[in-house]
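Visitor: fold the following, please.
(chains A and B)
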Amino acid sequence: MNPPTLAVWKFASCDGCQLSILDLEDDLFSLASDMKIASFTEMSSAVIEGPYDVSLIEGSITTKADAERILAVRAASKRLVTIGACATAGGIQALRNYADVGEYTSAVYAHPDYIDTLTTSRPISALVPVDFELHGCPINRYQLVEVITAQLSGRRPVIAGYSVCEECKSRGNLCVLVAHGTPCLGPVTRAGCGALCPAVNRGCYGCFGPSDSANTQSISRRLVALGASERLISRLFRTFNAAAPEFEQESVRHGA
Amino acid sequence: MAPDLPIQDRQLDMHGISRVEGEGSLHVRIRDGALENVELEIFEPPRFFEALLRGRGFEEPPDITARICGICPVAYQMTACAAIEDCCATEIPESISRLRRLLYCGEWIQSHALHVYLLHAPDFFSCADAVELAMVDRGAVERGLRLKKVGNLLMETVGGRAIHPVNVRTGGFYRAPELGSIRALADPLRAALNDALETVTWVASFDFPDVEGEYRFVSLVHPDHYPIESGRIASSDGLDLSPAEFADLVVEEHVARSTALQARISGRDTYLTGPLARYALNQERLTPRAKEAAATAGLGERCTNPFRSIVVRAVELVFACEEALRLAEGYVEPEPPSVVVEPKPGTGSGATEAPRGLLLQRYEIDEQGTILSARIMPPTSQNQLTIESDLRRVIEDGIALDDAALTARCELAIRNHDPCISCAAHFLDVEIERS
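Guide: Numbering: from 1, shown residues only, chains lettered A, B, ... in the order given. Coordinates of the predicted model:
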């Protein structure tokens, strides 16, 4: 039997989530022997035609050409998994969704007419059906191995939807919000990073996006009580997962 | 009988150039057997970092600009810190600077090992990728992955995470790594130093095309050490400038069909940053084992064969391992881990050496610390015009090659400079047209 095929596709992104695949280091060869890496431009110049058993998508949709390309990728893929904050929520480049893209273009480029861009940065799910979304900016590479393994065996990946607080407690971190009054998005942010920020005495900045049933209004009230300004709260929700609905609504509530 | 090759008039189109970070293409047009046009097209979608940074807080650029590039986030973070601290006239204690340099060494090791072994070396064995290369020389690829892993370990230990580290802030770090965790890096770094020395021997044995480029090299220089996180900006034709002065001198042009801006030094035309430039302007300040490895590999005082950039990169791997080992062994926890950065209205510039070349950032902030304007000059947009002129030379020298061989040569010539198109999107497909 032929090994299943894996394809990796890049849209608007920083390449960091793809790099997570190469960062598997010890497991890279076993991945390459269990699966045929059929298309992965960052790693290989060899390309095998689809269809592909699993496609991993990095990046968001910000151009007309990419909005068409994702349709072709979906059509060529049996299972389609988005990896990272750009592909699942639009990424940091979704800050354009709340600004004037024409003005953004003029601010960066001398000839805005040379630039072909859409007015919004959209997640992949806004354009095509997605089989699984893996969150994180960047993703956790061990979660990626679980997702690929699960896709190949036809089961649901075991990826927690609870918040960073759970990981933080099990790691034995001191709560930076309670103990130091440091603004922290841990209570509303999806676990997966291992509560890295509180471990370095820093508040979580939400790079894994909203957790399941995130109570963003409750954490905002707490932040207000700690003296956070409306502007700070809106900015906290408006970073790498700015266009994730729960975070977007909360940033709008606070005036951004 | 060999078939007639339509070599007089042809067009080569390379779409979606592989083993580079990001997306771009190259179009080459050959008419009457002579090269007519070379166009490097960068179709990486624009992400508008310079625009979206406006209105953000002056403490936010390290986290936000890290997302420009997943391969060299530390470069973006360190440069952002340098620019903001320049603006706010913040003095950074030596213990914090040394910890920053240690973190940055981790990124050099990770990024150079990635480029040497996974992206560049397969070309020299006519392999499509490192998995194919491993069938030819598994030991080599395993060595590369070990090196890369030590780079990541260093970034995780100091930065909390290898991709988009969380422990970096303006003024220093959120938390100083414990002495024991840094001292524990010494053994893996010693092993990595051996792997790096073997890397130099391995790449020095490759068969390089005989090409010499004429380059205006630009890099940071520092009186005390090989440059990474600080220094003045020097060129092979005598410039000696602060980052702010250099940023003023560089003109960025926007050309059609490219989302990258192309940089020139006003009145002096194109230049090259990166390992070849750093080595030419700083090789006497390499660490002892790195200097010895460069001499054994026959690099001399400068290397102008772009294909041998892989040897310079390997020498820099030795340097980064040696330097990281020195810093880890001499580590003292900075106390406090960061100094307070008070907003001060004005403009600040920072420059550091990303693994692939000089990176500059400049910010203007107001009295509350709100960012009014931002300028980011990634290495690849500075190198883009020089990469095009390299390609012109490679195509002229190889014009008799068939399309497949010429395309392969062009791709290698591009990879020589480790372009990061995600960063530059403000970059590759190769198209060769003979008509």
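Visitor: for the stretch 101-250 of chain A, what lies in contact range of chain B?
Guide: A:101, A:103-105, A:107-111, A:114-115, A:117, A:137-138, A:193, A:196-197, A:199-202, A:205, A:207, A:235, A:239-240 (C-beta under 8 Å from any C-beta of the partner chain). In short, each C-beta sits where N, CA and C put it, glycine included.
Visitor: what about residue 176, neighbour count?
Guide: All of this is about chain A. 22 (other C-beta atoms under 10 Å in any protein chain shown).
Visitor: nope, chain B
Guide: 23.
Visitor: wait, isn't it in contact with residue B:334?
Guide: Yes - using C-beta atoms under 8 Å as the test, residue B:176 is close enough to residue B:334 to be in contact (5.2 Å).
Visitor: shared neighbours, these two?
Guide: Jointly contacting residue B:176 and residue B:334 under the rule C-beta atoms under 8 Å, 6 or more residues apart in numbering or on different chains are residue B:99.
Visitor: name the residue of the stretch 1-150 of chain A that lies nearest to chain B.
Guide: residue A:16 (2.1 Å; C-beta to the nearest C-beta).
Visitor: contacting residues for the spatially closest residue to that residue that is not a sequence neighbour?
Guide: In space, and not counting its chain neighbours, residue A:16 is closest to residue B:70: 2.1 Å by C-beta to C-beta, 6 or more residues apart in numbering or on different chains. Contact analysis of residue B:70 by C-beta under 8 Å, 6+ apart lists A:13-19, A:138, B:21, B:163-164, B:422.
Visitor: ranking those residues by neighbours, who comes first?
Guide: Busiest of the contacts of residue B:70 [other C-beta under 10 Å] is residue A:14, holding 36 neighbours.
Visitor: helix/strand/coil for residue A:240?
Guide: Here residue A:240 is coil, with the state taken from DSSP: H, G, I helix; E, B strand; the rest coil.
Visitor: and it, how many neighbours?
Guide: 30.
Visitor: can you check the one 3 residues further on too?
Guide: Using other C-beta under 10 Å as the criterion, residue A:243 is surrounded by 28 other residues.
Visitor: next one: it from residue A:125, what distance?
Guide: Shown here: residue A:243 relative to residue A:125, a distance of 11 Å by C-beta to C-beta, to the nearest Å.
Visitor: isn't residue A:41 right next to residue A:58, touching?
Guide: No - contact criterion C-beta under 8 Å: residue A:41 and residue A:58 do not qualify, at 11.0 Å.
Visitor: and those two? which has more neighbours close in?
Guide: residue A:58 (29 against 21).
Visitor: specify the beta-bridge partners of that one.
Guide: When assigned by DSSP bridges, residue A:58 has beta-bridge partners residue A:10, residue A:83.
Visitor: how about whichever residue of chain B sits closest to chain A, secondary structure?
Guide: In chain B, the residue that lies nearest chain A is residue B:70 (2.1 Å; C-beta to the nearest C-beta). Assigned with three-state DSSP, residue B:70 falls in the coil class.
Visitor: before we move on, back to that, so what sits against both of residue A:41 and residue A:58?
Guide: What both residue A:41 and residue A:58 touch, as defined by C-beta under 8 Å, 6+ apart, is the set A:8, A:10.
Visitor: low-confidence ranges, the stretch 1-150 of chain B, go.
Guide: The stretch 1-150 of chain B contains residues with pLDDT under 70 at B:1-7, B:16-17, B:19-23, B:42-43.
Visitor: let's see that with 50 instead.
Guide: The stretch 1-150 of chain B contains residues with pLDDT under 50 at B:1-6.
Visitor: the helices in it, which residues?
Guide: Using DSSP state H, counting those that start in this stretch, the helices found in the stretch 1-150 of chain B span residues B:49-52, B:61-66, B:73-87, B:94-113, B:121-124, B:130-136, B:138-159.
Visitor: how about those, which one is nearest residue B:40?
Guide: The closest approach between residue B:40 and any of the helices of the stretch 1-150 of chain B, judged by C-beta to C-beta, belongs to helix B:121-124 at 18.0 Å.
Visitor: and the closest one, what does it pack against?
Guide: Here helix B:121-124 touches helix B:130-136, helix B:403-415, going by 3 or more C-beta pairs under 8 Å, 6 or more residues apart in numbering or on different chains; DSSP states H and E.
Visitor: could you single out the most deeply buried of these?
Guide: Neighbour counts (mean count of other C-beta atoms under 10 Å in any protein chain shown) averaged over each of the helices and strands packed on helix B:121-124 peak at helix B:403-415, with a mean of 20.
Visitor: other SSEs contacting that one?
Guide: Using 3+ C-beta pairs under 8 Å, 6+ apart, helix B:403-415 is in contact with strand B:10-15, strand B:24-31, helix B:121-124, helix B:379-397, strand B:430-434.
Visitor: pull the CA atoms of that helix into CSV?
Guide: The C-alpha trace of helix B:403-415 is given here as CSV (Å, rounded to 0.1, in the frame of the first residue of the first chain):
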residue,chain,number,x,y,z
ASP,B,403,16.4,25.1,-19.3
ALA,B,404,16.4,22.5,-16.5
ALA,B,405,20.1,22.9,-15.7
LEU,B,406,19.9,26.7,-15.9
THR,B,407,16.8,26.8,-13.7
ALA,B,408,18.7,24.6,-11.1
ARG,B,409,21.7,27.0,-11.2
CYS,B,410,19.4,30.0,-10.8
GLU,B,411,17.6,28.5,-7.8
LEU,B,412,21.0,27.7,-6.2
ALA,B,413,22.2,31.3,-6.9
ILE,B,414,19.1,32.6,-5.0
ARG,B,415,19.5,30.2,-2.1
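Visitor: now the residue most central in space within chain B: how far from residue B:80?
Guide: In chain B, the centroid-proximal residue (C-alpha atoms, centre = their mean) is residue B:356; its distance is 1.0 Å. Applying C-beta to C-beta, the value for residue B:356 to residue B:80 is 17 Å.
Visitor: do residue B:191 as well
Guide: Taken as C-beta to C-beta, the span from residue B:191 to residue B:80 is 32 Å.
Visitor: of those two, which one has the most company?
Guide: residue B:80 (30 against 14).
Visitor: what sits against that one?
Guide: B:61-62, B:65, B:170, B:350, B:361, B:363.
Visitor: swap in 7 Å and give it another go.
Guide: Contacts for residue B:80 (C-beta atoms under 7 Å, 6 or more residues apart in numbering or on different chains) come out as B:61-62, B:65, B:350, B:361.
Visitor: pull the distance from stretch B:191-202 to the chain's centre.
Guide: Put simply, stretch B:191-202 sits 20 Å off its chain's centre (C-alpha atoms, centre = their mean, to the nearest Å).
Visitor: export that stretch to CSV, keeping only CA atoms.
Guide: This file holds the C-alpha atoms of stretch B:191-202, laid out as CSV (Å, rounded to 0.1, in the frame of the first residue of the first chain):
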residue,chain,number,x,y,z
ALA,B,191,28.8,18.8,21.2
ALA,B,192,27.3,21.4,18.8
LEU,B,193,30.7,23.1,18.5
ASN,B,194,32.2,19.7,17.3
ASP,B,195,29.2,19.3,14.9
ALA,B,196,29.8,22.8,13.6
LEU,B,197,33.5,22.1,13.0
GLU,B,198,32.6,19.0,11.1
THR,B,199,30.1,21.1,9.1
VAL,B,200,32.8,23.3,7.9
THR,B,201,34.9,20.3,6.7
TRP,B,202,31.9,18.8,5.0
